[in-house]
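Visitor: Mind folding the following:
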Amino acid sequence: MSAAEGPLVVGVDTSTQSTKALVVDASTGEVVASGQAPHTVSSGAGRESDPRQWWDALCEALRQCGDAAHEAAAVSIGGQQHGLVTLDAQGDPVRPALLWNDVRSAPQARRLTEELGGAKFWAERTGLVPAPSFTVTKWAWLAEHEPDAVRATKAVRLPHDYLTERLTGEGTTDRGDASGTGWWASGSEAYDEEILAHVGLDPALLPRVVRPGEVAGTVRDSHDLPFSKGTLVAPGTGDNAAAALGLGLRPGTPVLSLGTSGTVYAVSKRRPTDPTGTVAGFADAHGDWLPLACTLNCTLAVDRVASLLGLDREAVEPATGITLLPYLDGERTPALPHASGLLHGLRHDTTAGQLLQAAYDGAVHALLGALDLVLGEDDEDADRSAPLLLIGGGARGTAWQQTVRRLSGRPVQVPEAKELVALGAAAQAAGLLTGEDPAAVARRWRTAEGPVLDAVERDEATLARISGVLSDAAPLLERSAENH
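Guide: Prediction:
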């Protein structure tokens, strides 16, 4: 037996590229054991994965955890959102899963928006405006291009649902992950029969939506995982909702996640409905809401600029009068899908370090613009003096930290905890045992603790300059694709 103070729980993060498992002491939040195993994603026009790889990776990650996993009293799965998993009558995949970053359903997204009342209808009904990432558009694509696969499908699941069902034998999901499908009505918190009928999806094929704090099932004995039969299985949730749990977020506390793309979100008591589609009106995993906005160009774009300049990513110098919009992959916020990067204000005395700082400024400007939309002008939960929680791969970078401080004018806190999705899943599992709100469990574990960088005066001049260049250059950015 382990020397843990309390019962052990397992939190899982099944992401796009790998599955990670943490065995956590439910009393203290100490990570007792961990494991990780990769899975593959197809290249080319689509982005697909065989769900059976996720199961194999979960088994391997748990094997790496050793005896501690076998002692666990509860388990929860956090997973990549939006993926379309189609199963046959035996529960085997009909075809590889269509992942969130498979954009082949862009025509279907446009068509669904037009056919069913427009963007305002979708935002008010589901909290989302159809986009290629969302599951409903992937089902429409599959129905159009692979009707035989649709006919063979007897169950439709999301990635975290698939693994939970293999543990319990029961088809379940949760409100957090269901809210990212486009066929879950956020107002009634039920599957939307009109949308399902329009896309030809029988609601009987969908999993039961388990309530926050409810047990999804127990581990059955007809499997090869190192769990005892009867181990409690929590509802699980999508990765963003799991990370919010892992941070123990209170309403109004803003999060900036610095990854390949940038993500901003906050827990809210209000149901989000943004007809522009910029803010996704996700539900969270414990009864509130998780408005979220995404920028496409973040750490990868800035690192590319550093590489072009032959600089280390930290080799920045104060930029004066230079604007660099690093929209190397187009941009989602602001909505400039065909844009490319743009440089304005170059002089003879401009240095490479100043250009690099300008790239950071451009990326953070887009993130803060998205954050303003997430928090909303009239959200009473939004405490604009509260520290920004900075997470993700770039969060420990000095240049990122200082740029966020300078352009936000807010204190910045960098949590020391890693693997926040798996920790959030573990907190959800622990909540089954203690009856606590999982976010309260995470706060008890102090997962968000870390150094706080004091606020500095907001650099209004730089923000205004970037906004001005962006406004003036918008027609050029919108037609960049025509001249590519």
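
Visitor: can we go C-alpha only for contacts and neighbour counts from here?
Guide: OK.

Visitor: distance of the residue sitting furthest away from the middle of the chain from A358?
Guide: Residue farthest from the centre of the chain, counting by C-alpha atoms, centre = their mean, is H348 at 41.9 Å. Plainly put, H348 is 16 Å away from A358 if you go by C-alpha to C-alpha, to the nearest Å.

Visitor: Kindly report the same for V264.
Guide: Shown here: V264 relative to A358, a distance of 21 Å by C-alpha to C-alpha.

Visitor: same deal with T19?
Guide: According to C-alpha to C-alpha, T19 and A358 sit 36 Å apart.

Visitor: higher neighbour count, these two?
Guide: When neighbours are counted by other C-alpha atoms under 10 Å, T19 and A358 differ, and A358 comes out ahead with 30 against 27.

Visitor: Give me the phi and psi angles of that one.
Guide: Backbone torsions for A358, taken as degrees, to the nearest 10, come to phi -60, psi -30.

Visitor: how near is it to L343?
Guide: Distance, A358 to L343, using C-alpha to C-alpha: 9 Å.

Visitor: Overlap of the contact sets of those two?
Guide: Common neighbours of A358 and L343 (criterion: C-alpha atoms under 8 Å, 6 or more residues apart in numbering): I322, T323, L324, L325.

Visitor: who wins for most neighbours among these?
Guide: Within these, most neighbours by other C-alpha under 10 Å means T323, with 26 neighbours.

Visitor: doesn't A358 make contact with it?
Guide: Yes - contact criterion C-alpha atoms under 8 Å: T323 and A358 qualify, at 5.7 Å.

Visitor: who's in contact with L22?
Guide: V10, G11, V12, V31, V32, A33, S34, G35, C65, A422, L423, A426.

Visitor: How about the contacts made by the fourth one?
Guide: The reference is to V31. L22, V23, V24, D25.

Visitor: Check the spacing between it and T231 real quick.
Guide: Using C-alpha to C-alpha, we find V31 at a distance of 19 Å from T231.

Visitor: Next up, identify which helix or strand the most centrally placed residue in the chain is on.
Guide: Nearest to the mean C-alpha position of the chain, by C-alpha atoms, centre = their mean, lies N240 at 3.8 Å. Following DSSP states H and E, one finds N240 within helix 239-247.

Visitor: Format the CA atom coordinates belonging to the helix or strand just after that helix as PDB.
Guide: The helix or strand immediately downstream of helix 239-247 is strand 255-258, counting by DSSP H and E. Extracted in PDB, the C-alpha atoms of strand 255-258 (Å, rounded to 0.1, in the frame of the first residue of the first chain):
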ATOM      1  CA  VAL A 255      -7.100  32.500 -17.500                       C
ATOM      2  CA  LEU A 256      -4.600  33.000 -20.400                       C
ATOM      3  CA  SER A 257      -3.300  29.800 -21.900                       C
ATOM      4  CA  LEU A 258      -0.200  30.200 -24.000                       C
END
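
Visitor: Give me the helices and strands touching the next helix or strand after strand 255-258, please.
Guide: Under the assignment DSSP H and E, the closest C-terminal helix or strand after strand 255-258 is strand 262-265. Contacts defined by 3 or more C-alpha pairs under 8 Å, 6 or more residues apart in numbering; DSSP states H and E place strand 262-265 against strand 255-258, strand 289-295, helix 352-375.

Visitor: Neighbouring strands - and their directions - for the shortest one?
Guide: Read it as strand 255-258. strand 262-265 (antiparallel), strand 388-391 (parallel) (DSSP bridges).

Visitor: circling back to that earlier point, mind checking which of the shared contacts of A358 and L343 are in strands?
Guide: Here DSSP state E is the test, and the shared contacts of A358 and L343 give T323, L324, L325 as lying in strands.

Visitor: Give me the distance between the host helix or strand of L62 and the centre of its chain.
Guide: In the assignment (DSSP H and E), L62 maps to helix 51-65. Remark: helix 51-65 is offset 21 Å from the chain centroid, using C-alpha atoms, centre = their mean, to the nearest Å.
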